[in-house]
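# from the sequence below, what's the structure:
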Amino acid sequence: MEAPRPPLPPFDAEAAAKKVRLAEDAWNARDPEKVALAYSPDSAWRNRAEFLAGRPAIVEFLRRKWARELDYRLIKELWAFHGHRIAVRFAYEWHDDSGHWYRSYGNENWEFDDLGYMRRRIASINDLPIRDGERKYHWPLGRRPDDHPGLSELGL
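Next up is the predicted model:
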């Protein structure tokens, strides 16, 4: 049995916001093996039109993602929560290997088990080509600084 992964459901506003920030921080570190540990061993995902299940599939997916989406920087924002579920909206910026920049917008619906592992993730994402001068995320790669504006403050 795995150790609990707080904050645990059922979520209140503070716990849900903390869970969202922990997820953002993990994804910004871009370490597929560590990110996958936040998901239950049998976690089921829909990411865009791709369906996958289990930690090994999550690791492989994230390796492919971050090999393609270079200089990835992400901001997540709590949208709603109830019981074992959290809804977030997010936007991330990245460029391809040709140097073309994108901002990807989306929504995720998360469902957690009693130990705080995400057992279901449903993500809908759209990509918008942007010029370098339109980028809004300029912090060094890794965790978004606490004083960096979030999505709402950026008008996203």
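
# where does the nearest residue to Lys18 once chain neighbours are set aside land in three-state SS?
Computed as CB to CB, 6 or more residues apart in numbering, the closest residue to Lys18 that is not its neighbour in sequence is Pro7, at 5.3 Å. C-betas here are computed from N, CA, C, even on glycine. At Pro7 the chain is in coil, as set by DSSP: H, G, I helix; E, B strand; the rest coil.

# and Tyr105, by the same measure?
strand.

# over to Ser98?
Look at Ser98: counting by three-state DSSP, its state is coil.

# and it, how many neighbours?
Ser98: 5 surrounding residues under other CB atoms under 10 Å.

# mind listing the helices for this structure?
13-29, 32-36, 55-68, 151-154 (DSSP state H).

# closest one to Glu134 among those helices?
Glu134 lies closest, by CB to CB, to one member of the helices of the chain: helix 151-154, at 11.7 Å.

# spatially, which residue comes closest to His100, not counting chain neighbours?
Leaving aside its chain neighbours, His100 sits nearest to Pro129 (6.5 Å; criterion: CB to CB, 6+ apart).

# isn't the one you found up against Ser98?
No: in this structure, Pro129 is not within contact of Ser98 by CB atoms under 8 Å, at 11.4 Å.

# ok, the closest residue to Ala44 other than its chain neighbours to Tyr39 distance?
Once flanking residues are discounted, Ala44 sits nearest to Ala53: 4.8 Å by CB to CB, 6+ apart. To Tyr39, Ala53 is 10 Å away according to CB to CB, to the nearest Å.

# more crowded one of these two?
Tyr39 (25 against 14).

# list the contacts of the residue lying closest to the more buried one once chain neighbours are set aside.
Once flanking residues are discounted, Tyr39 sits nearest to Met118: 4.9 Å by CB to CB, 6+ apart. When contacts are counted by CB atoms under 8 Å, 6 or more residues apart in numbering, Met118 touches 38-40, 43, 110-112.
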